[in-house]
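**Student:** Show me the folded form of this:
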Amino acid sequence: MSKAKIKSKVRVIPAAGAVLYRMENGVPVCVVVHRSRYDDWSLPKGKVDSGESLPTTAVREILEETGSESALESLIGTTAYPLKENTRKEVTYWSARDFGGEFEPNAEVDEIRWLPIDEAKSLVTYPLDRKILTKFGDAPPVENVLLLVRHAKAGDRSEWSGDDTLRPLEKSGRTQAEMLVPMLGAFGVRRLYSAPRVRCEQTLAPLADELGVDVAIESALSDEAYLDSPETAVSRLVEIAVSGDGVAAICSQGTAIPGMLDDLAAAAGLDLGDTSTKKAGTWGLGFSGTTLLYADYYRSPLPVH
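**Tutor:** Take a look at the predicted model:
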């Protein structure tokens with residue numbers, strides 16, 4: 001009997017990119033890039049550098065290829081294609097709002113064009129890019145984005161003898177908090193809010209230092225406050241999302257976060273599935289007015305590799 005062949009493990013090369021867009025006369029126009037090396041038209045994207053999360057890669061590649069500063073919004077999807085035997089490239093795409101910049105031809109991209117979606121779909125070389133552009137065009141427009149973060153690791157409650165509101169992050173939690181800085185920055189976070197827990201405040205503290213802003217304490221967003229009055233907690237979350245200047249991040253706890261998500265989803269007629277959230281896990285929420293449009297879950301801010 002011949003020996004069964006052992007199937008080789010496929011090596012996956014992670015990459016990230018975006019449909020970078022801006023509004024012109026109420027209509028989205030998006031960028032496509034021409035790569036001289038391949039003589040093709042595609043969406044801005046690139047491989048993950050060491051130490052990066054996928055969202056961080058996406059905004060870096062946008063800047064390098066187009067010269068544009070940007071902020072990610074909704075997760076569009078992931079495409080995959082073979083590079084060579086036992087190697088596959090997987091590219092995760094977001095929609096990304098353009099905040100301006102100046103394009104200069106570079107080693108990878110020698111020309112960019114800003115086009116309406118249908119024209120962009122006609123120009124791009126690859127069917128997978130057209131698929132991503134179609135998904136982008138089919139999605140409803142987003143007015144406000146909010147990042148909802150569960151606090152990073154803070155040890156076991158049973159091993160903490162003091163007031164639980166004062167329980168701090170442990171070493172691995174502090175690492176998670178540091179890694180949240182570039183990831184939340186990729187979404188353009190500028191305002192920070194925390195449930196009244198030291199571990200929640202400490203989770204956002206590195207980003208607060210980076211931005212030079214304070215973390216506002218929100219008593220309505222703790223576990224017990226949510227259980228006492230779910231309507232008040234959800235109302236305050238939405239108020240934060242739709243008011244103020246710039247994207248907000250809220251750090252809360254493991255009971256309040258799924259509860260608020262489920263309530264928002266029910267009101268919007270969405271099925272989010274399991275909304276339990278890991279420590280330092282983050283939900284990217286998009287709103288039209290006060291209505292939830294999407295909720296994308298990011299399990300960890302740690303690097304892809």
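**Student:** quick one: the longest strand along the chain to chain centroid distance?
**Tutor:** Ordering each strand of the chain by length in residues (DSSP state E) puts strand 68-84 first. Averaging C-alpha positions (C-alpha atoms, centre = their mean, to the nearest Å) puts strand 68-84 11 Å from its chain's average.
**Student:** which parts of the following helix or strand past that strand are buried?
**Tutor:** In the C-terminal direction, the helix or strand that comes right after strand 68-84 (DSSP states H and E) is strand 87-101. Applying a neighbour-count criterion of 16 or more other C-beta atoms under 10 Å, one finds K89, V91, T92, Y93, W94, S95, A96, R97, D98 buried in strand 87-101. The way it works is simple: take the backbone N, C-alpha and C, and place the C-beta from them, glycine included.
**Student:** which neighbours does strand 87-101 have in its sheet, and in what orientation?
**Tutor:** Each strand pairing with strand 87-101, determined using DSSP bridges, is listed with its direction: strand 11-24 (parallel), strand 68-84 (antiparallel).
**Student:** Report the mean confidence score over it.
**Tutor:** Across strand 87-101, the average pLDDT comes to 96.
**Student:** Pull the helix or strand just after it out as PDB, backbone CA atoms only.
**Tutor:** Tracing the chain C-terminally past strand 87-101 and defining elements by DSSP H and E, one meets strand 109-116 next. Output of strand 109-116 as PDB, limited to C-alpha atoms (Å, rounded to 0.1, in the frame of the first residue of the first chain):
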ATOM      1  CA  VAL A 109       2.800  53.900  -7.700                       C
ATOM      2  CA  ASP A 110       3.300  56.300 -10.500                       C
ATOM      3  CA  GLU A 111      -0.300  57.600 -10.900                       C
ATOM      4  CA  ILE A 112      -3.500  57.800  -9.000                       C
ATOM      5  CA  ARG A 113      -7.000  58.700 -10.100                       C
ATOM      6  CA  TRP A 114     -10.100  59.800  -8.100                       C
ATOM      7  CA  LEU A 115     -13.200  58.300  -9.700                       C
ATOM      8  CA  PRO A 116     -16.800  57.600  -9.000                       C
END
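**Student:** from the chain's centre, how far out does strand 109-116 sit?
**Tutor:** With C-alpha atoms, centre = their mean, you get 24 Å for strand 109-116.
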